[in-house]
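>>> task: produce atomic coordinates for the following.
(2 chains, ligands or ions: 1)
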Amino acid sequence: MKPVRKVEGRAIPFGQKNVDTDVIISAEWLKTISRDGLGKGAFESVRAKEGNVFDDPEYAGASVLIAGDNFGCGSSREHAAWALDDMGIKAIIAPSFSDIFSSNAFKNGLLSIALPQEAIDRLMEVAKTDPITIDMESMSVTTPFQDRFTFEMDPFRQQCLMDGLDEIDLTMAKSDAIEAHENRVDSAQAWHKPVAA
Amino acid sequence: MTKAKTLYEKIWDAHVVDQRDDGTALIYIDRHLVHEVTSPQAFEGLRKAGRKVRRPDLTLAVPDHNLPTTPRIDANGNKIPIADPQSAAQLEALEANAPAFGIKYIGASDAEQGIVHVIGPEQGFTLPGTTLVCGDSHTAAHGALGALAFGIGTSEVEHVLATQTLQLSRSKSMEIRVEGLLGPGISPKDLILHIIGVIGTAGGTGHVIEYRGEVFEQMSIEGRLTVSNMSIEAGARAGLIAPDEKTFAYLKGRPMAPKGADWDAAVDYWKTLPTDDGAQFDKSVTINAADVAPTVTWGTSPEDVVPVTGHVPAPESFADPSKQDAARKSLDYMGLSAGQAMGDVAVENIFIGSCTNSRIEDLRAAAQVLDGHKKADGVKWAIVVPGSGLVKAQAEAEGLDKIFTASGFEWREPGCSACLGMNPDKVPPGERCASTSNRNFVGRQGPGARTHLMSPAMAAAAAVTGKLTDVRELIG
Ligand code: SF4
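Residues are numbered from 1 along each chain as shown, chains lettered A, B, ... in the order given. The predicted model follows:
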């Protein structure tokens, strides 16, 4: 994973609440066996309408997406995170995220940043004309107009993102503890193993 | 005295491999279900990094999402290939990956094939007190047996394959206590739709929901699976129902469930799992079972529910301005207007299936309503898709397939089918579907499709009258 320390750029002021994963990438696109190329299919139903923010030349090349409450609800498809990544988005800012989505985003080095609705309202304004900056070190979102909103993230995730750490490697370093758990269960709870049918 | 714990805390504590100071933990995963759609990239990742599957014996693979539900074997006993090249490639990937990594694989034309969340419990792969994951959000279903079960993304699938663990932070606990019992003709599906209507699609975010109350004690395992399945629609990552004698009776003798002395030891342990008296939940909601009517959705979010005897709400009736806006968009998409009686809404398609409602009881409930009736003329397409090959065989042994086909339904092979628009079973644009699935999102059943979620009995009733119908009028 590439380290992410700072994201700077224009933001798409989408603002919609309860954006579900079917809206981010519809099922038709899930038939791929690759992680790439899903950007074309992102927000297909939204983009079918004229005048949508995603095709507005003002926001071409934007690296941030601003949305409403409960972003990424619905299915567990990681294709949603891959699609956002493929369309060049590096961070999503919303009042809240579905658990599975934010974890999928994290695994792909995509920031999901929760800020209160007032901050979102302000950023939606700024986004129309100016870029915004997300700094992972100070955990803050700033604008060219002295706005400064700080966010929270669990320190482990912050570290992994900033250093671009591979989570599987980190876990494999704990294989002794994993094996100890397995041995404990095998001896105390033999019923635990599925019967090979 | 030891601290009183919830069912969730007990399962969590028993699976901590490594505790970090920041509150996150490495959690051991006892069971992993793998399907064709969310796994190819994970296996590819393993291959690239030269990693193996740590515990193939704890992993079970089966295709379900994009398989066509038309016959899979021709008259000569040969496999019928999948026409869509991308779907075919996904299926081939799983068929190749499972043996290459030593994982037990149930093939598309095997008798046990079915939807991951139907076959897990059916095979006895899902057990109380275990942790179970799958790259699919409706993994929440397995919580009905008292397993801590949740959906994961593809990177996590890869992580579990490689390490048999996940790095997780503990969720908050939420109790949904249902007071009283359901009235006649009211099903578990009506109850869970009603609950989602009350707490909203974000009501359970960050929480694991435990469903409590006498209604769940009385409910069959099939019904509990329906309820727990839709925990994700309430925003929760997992649902739980305490294991009890019904759970044990359901599991006993299932192929992959423990046998002999192991079985007895397991049951002894499972009996220690229910939430202790005095244990604290972070959040508690009480629902009155008497308030639950046969329920349908009117909009494009599972929280957009109304009793079938009610009316399409006016967007202005919502307090939250953004909900008003969402409601306007929903009504536009759904082609409905405020104040319209739900009972007047005509449907052209009926789908009975999905991991929410495709088990034998669901099919029995639908068949009971359909018996002796024909589908209405306005209903163009009506399909029943059993959740698994074993459900299908059982239904056929009971003659249910005959009832369905006599009333004009198609009787299909098991799979996810019209629950999601990624296989050939789709609802045409602009048409309506009375569906027993779990999501009424924009485009979920195909681009432009209009979904009304409901119970199997209600979907059958809609087939008979051609409109959304209070099933209680038909079964009197
Ligand atoms: S039936 Fe629907 S919800 Fe269930 S696993 Fe299949 S696609 Fe997912």
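
>>> other SSEs contacting the helix or strand residue B:324 falls within?
According to DSSP states H and E, residue B:324 maps onto helix B:321-334. Of the remaining helices and strands, none touches helix B:321-334 by 3 or more CB pairs under 8 Å, 6 or more residues apart in numbering or on different chains; DSSP states H and E. Bear in mind the C-beta positions are built from the backbone N, C-alpha and C, glycine included.

>>> let me see the contact set for the residue nearest the centre of chain A.
Central residue of chain A (CA atoms, centre = their mean): residue A:105, 3.0 Å from the mean position. Going by CB atoms under 8 Å, 6 or more residues apart in numbering or on different chains, residue A:105 touches A:72, A:81, A:84, A:92, A:97, A:111, A:112.

>>> the same query, at a cut-off of 7 Å, please.
By CB atoms under 7 Å, 6 or more residues apart in numbering or on different chains, the contact list for residue A:105 reads A:81, A:92, A:112.

>>> any idea how many residues pack against the last one?
Summarising burial for residue A:112: neighbours were counted as other CB atoms under 10 Å in any protein chain shown, giving 26.

>>> what ranges of chain A fall below the confidence cut-off?
Along chain A, the model assigns pLDDT under 70 to residues A:197.

>>> wait, does the longest helix anywhere in it contact chain B?
Across chain A, the longest stretch assigned as helix under DSSP state H is helix A:175-188. Yes - using CB under 7 Å from any CB of the partner chain, we find that helix A:175-188 touches chain B at A:177, A:178, A:181.

>>> that helix: how far from the chain's middle?
Between the centre of helix A:175-188 and the centre of its chain there are 33 Å (CA atoms, centre = their mean, to the nearest Å).

>>> now the strands for the stretch 51-200 of chain B?
B:59-61, B:104-105, B:131-134, B:148-151, B:165-169, B:172-179 (DSSP state E, counting those that start in this stretch).

>>> now the ones you listed in a markdown table, with distance to residue A:116?
Listed next are those as a markdown table, based on distance: least, CB to CB, whole Å:
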| stretch | distance to residue A:116 |
| --- | --- |
| strand B:59-61 | 42 |
| strand B:104-105 | 48 |
| strand B:131-134 | 32 |
| strand B:148-151 | 27 |
| strand B:165-169 | 21 |
| strand B:172-179 | 19 |
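
>>> go through chain B and flag its longest helix.
Assignment by DSSP H; longest helix in chain B turns out to be helix B:85-100.

>>> residues in contact with that helix?
Outside helix B:85-100, the residues that reach it (CB under 7 Å, 6+ apart) are A:31-33, B:36-37, B:39-40, B:43, B:61, B:63, B:66, B:81-82, B:105, B:108, B:423.

>>> show the buried residues in these.
For the contacts of helix B:85-100, a burial check counting by 16 or more other CB atoms under 10 Å in any protein chain shown picks out A:31-33, B:36-37, B:39-40, B:43, B:61, B:63, B:66, B:82, B:105, B:108, B:423.

>>> just those now: which is nearest residue A:59?
Proximity to residue A:59 was ranked across the buried ones among the contacts of helix B:85-100 by CB to CB; first place goes to residue A:32, at 25.9 Å.

>>> now for the closest one: which residues touch it?
Contacts of residue A:32 by CB under 7 Å, 6+ apart are residue B:86.

>>> how far away is it from residue B:91?
13 Å (CB to CB, to the nearest Å).

>>> one step back: after the helix holding residue B:324, which helix or strand is next?
Heading C-terminal from helix B:321-334 (DSSP H and E), you reach strand B:349-352.

>>> the residue lying closest to residue B:433 once chain neighbours are set aside and residue B:434: what is the separation?
Spatial nearest neighbour of residue B:433, excluding adjacent residues (CB to CB, 6 or more residues apart in numbering or on different chains): residue B:349 at 4.0 Å. For residue B:349, the distance to residue B:434 equals 7 Å [CB to CB].

>>> first-to-last residue distance for stretch B:241-254?
One end of stretch B:241-254 sits 20 Å from the other (CA to CA, to the nearest Å).

>>> and that stretch, what's buried?
Here stretch B:241-254 shows B:241, B:242, B:243, B:244, B:246, B:247, B:248, B:250, B:251, B:254 as buried, counting by 16+ other CB under 10 Å.

>>> re earlier: return the subset of the contacts of residue A:105 lying in strands.
Among the contacts of residue A:105, the residues falling in strands (DSSP state E) are A:92, A:112.

>>> quick check, nearest of the contacts of residue A:105 to residue A:11?
Distances from residue A:11 to those, taken by CB to CB, are shortest for residue A:92, at 9.6 Å.

>>> dump the residue contacts of the closest one.
A:65, A:67, A:71, A:84, A:105, A:112.

>>> I'd assumed the fourth one was in a helix, is it?
Yes - membership of residue A:84 in a helix is supported by DSSP: H, G, I helix; E, B strand; the rest coil.

>>> residues near it, how many?
27.

>>> pretty sure it contacts residue A:110?
Yes - contact criterion CB atoms under 7 Å: residue A:84 and residue A:110 qualify, at 6.1 Å.

>>> the stretch 151-300 of chain B against chain A: which residues are in contact?
B:151-156, B:158-159, B:162-165, B:167, B:169, B:201-202, B:205-206, B:235, B:237, B:255-259, B:262-263, B:265-266, B:269.

>>> what ranges does the stretch 251-400 of chain B have for its helices?
With DSSP state H, counting those that start in this stretch, the ranges of helices along the stretch 251-400 of chain B come out as B:260-270, B:321-334, B:360-370, B:389-397, B:400-406.
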